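Colleague: mind looking at a prediction? Sequence and model below.
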Amino acid sequence: MDSDSDAILSSDAVQSWNVTVRSKLRYITINRLTEVLRPEDEAIIHFEFVTVNPADQLVIYAMSPEGFDFTTVFLESPADGTDSGNKPPNVGRRLLWKGFTGGIVVQDGYRNECTLRVSFDKNEYVRFQLGGIRIPWIGGQALFTMHTSVRGFRQDEIEMCCYEGQPVENPAVVFKVPFRLQGLRAVLQSEWDQEAFNFPIASSMKTRLDEQHLVTFTFQLAAPIELAPPARRLVFVVRAPVGQEAKRTLATANSHTANESKGTELTSIGRPLDDNGLV
């Protein structure tokens with residue numbers, strides 16, 4: 001064979017022979033179903049996708065934002081796949097809903113990794129929910145890497161799934177981890193506290209029943225907020241503590257930008273939204 005530098009040798013094809021191409025999980029939906037208002041609160045997350053190949057194991061890695069914890073994970077959906085026949089709200093594709101997938105057992109959960117023993121068939125529409133998950137206190141798009149296997153041999157996979165609109169040929173739906181209010185401060189003032197100079201004794205007393213209070217909230221936004229159509233306004237929801245009730249309709253809001261790095265500082269007083277909170 002010619003020894004010229006541009007000659008094509010059979011050994012040049014070896015690297016391409018060693019490349020492994022694996023099928024991708026399809027029609028992926030990953031939604032957070034519960035509120036997480038404190039760092040110790042645990043979330044329930046709904047997973048669904050369509051397989052290509054059979055599998056006896058599924059491994060899930062929470063890649064971003066950093067801080068997911070599967071240490072106390074458990075199977076929230078029915079283990080035998082039975083349900084009431086009604087699709088849970090805000091999850092799945094309505095016309096394809098056939099209940100949860102049975103035969104799933106949590107094998108292990110540690111930090112950002114969870115291993116499940118499964119019995120998936122080829123081209124199966126898989127639906128299940130996991131509870132006991134700690135989500136990050138840092139906001140951003142949630143990204144998951146998942147792969148299935150049979151007797152230790154990889155089958156289907158998806159990596160860093162998924163930013164909005166990705167993959168292009170079959171976009172996934174994955175929840176965003178909420179950004180937290182920074183430097184939150186709340187001041188509760190009774191009608192006597194608001195005029196402490198005129199009522200020095202009454203303002204020093206403890207809260208009494210049926211007193212009206214003014215609550216002022218001050219906080220900074222961790223990231224800029226952009227309203228995408230058709231949204232027209234931001235809603236600030238406040239739930240009254242146990243034993244207290246939101247009644248008054250007074251509502252004011254003042255905001256200013258401290259600087260580009262600190263975001264927006266907002267002080268507001270809410271008006272009743274419903275029996276559970278203020279907006």
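Modeller: Happy to help now that I have it.

Colleague: and the helix or strand harbouring residue 28, how far out from the chain's middle?
Modeller: Taking DSSP states H and E as the criterion, residue 28 maps to strand 26-32. Distance, stretch centre to chain centre, for strand 26-32: 12 Å (CA atoms, centre = their mean, to the nearest Å).

Colleague: can you name the residues in contact with it?
Modeller: By CB atoms under 8 Å, 6 or more residues apart in numbering, the surrounding residues in contact with strand 26-32 are 43-50, 52, 90-93, 125, 135, 142, 144, 158, 161-162, 170, 172-175, 177. No exception for glycine: its C-beta is placed from N, CA and C like everyone else's.

Colleague: alpha carbons of that strand, in PDB - could you do that?
Modeller: C-alpha atoms of strand 26-32 as PDB (Å, rounded to 0.1, in the frame of the first residue of the first chain):
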ATOM      1  CA  ARG A  26     -38.500   9.400  24.400                       C
ATOM      2  CA  TYR A  27     -41.500  11.600  25.300                       C
ATOM      3  CA  ILE A  28     -39.900  12.600  28.600                       C
ATOM      4  CA  THR A  29     -41.900  14.500  31.300                       C
ATOM      5  CA  ILE A  30     -40.400  15.200  34.700                       C
ATOM      6  CA  ASN A  31     -42.600  17.400  37.000                       C
ATOM      7  CA  ARG A  32     -42.400  18.500  40.600                       C
END
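
Colleague: okay, now the sheet partners of it, with direction.
Modeller: strand 43-50 (antiparallel), strand 173-174 (parallel) (DSSP bridges).

Colleague: sorry, back to before: drop anything exposed from the contacts of strand 26-32.
Modeller: 43-50, 52, 91-92, 125, 135, 142, 144, 158, 161-162, 172, 174-175, 177 (16 or more other CB atoms under 10 Å).

Colleague: which of the residues in the strand holding residue 28 are classified as buried?
Modeller: 26-32.

Colleague: now do stretch 141-157
Modeller: 142-149, 154-157.

Colleague: the residue nearest to residue 144 when sequence neighbours are not counted: what's it in contact with?
Modeller: Nearest non-adjacent residue to residue 144, counting by CB to CB, 6 or more residues apart in numbering: residue 161, 5.3 Å away. Residue 161 sits next to 25, 28, 30, 143-146, 172, 174 when contact means CB under 8 Å, 6+ apart.

Colleague: which pair of these spans the longest distance?
Modeller: The distance between the two most remote of the contacts of residue 161 (CB to CB) is 14.0 Å, for 25 and 143.

Colleague: show me what stretch 54-65 is in contact with.
Modeller: So stretch 54-65 is contacted by 47, 68, 70, 107, 112-122, 136, 138-151, 155-156, 160, 177 (CB under 8 Å, 6+ apart).

Colleague: among those residues, name the ones in strands.
Modeller: Among the contacts of stretch 54-65, the members falling in strands (DSSP state E) are 47, 107, 113-120, 140-141, 143-150, 155-156, 160, 177.

Colleague: number of nearby residues for residue 62?
Modeller: As a burial measure, residue 62 scores 26 neighbours (other CB atoms under 10 Å).

Colleague: nope, residue 167 is what I was after
Modeller: When counting by other CB under 10 Å, one arrives at 14 neighbours for residue 167.

Colleague: over to residue 244?
Modeller: Residue 244 has 12 neighbours, counted by other CB under 10 Å.

Colleague: now do the nearest residue to residue 33 once chain neighbours are set aside against residue 175, distance only.
Modeller: The shortest distance from residue 33 to any residue other than its chain neighbours is 4.6 Å, reached at residue 44 (CB to CB, 6+ apart). Relative to residue 175, residue 44 is positioned 11 Å away (CB to CB, to the nearest Å).
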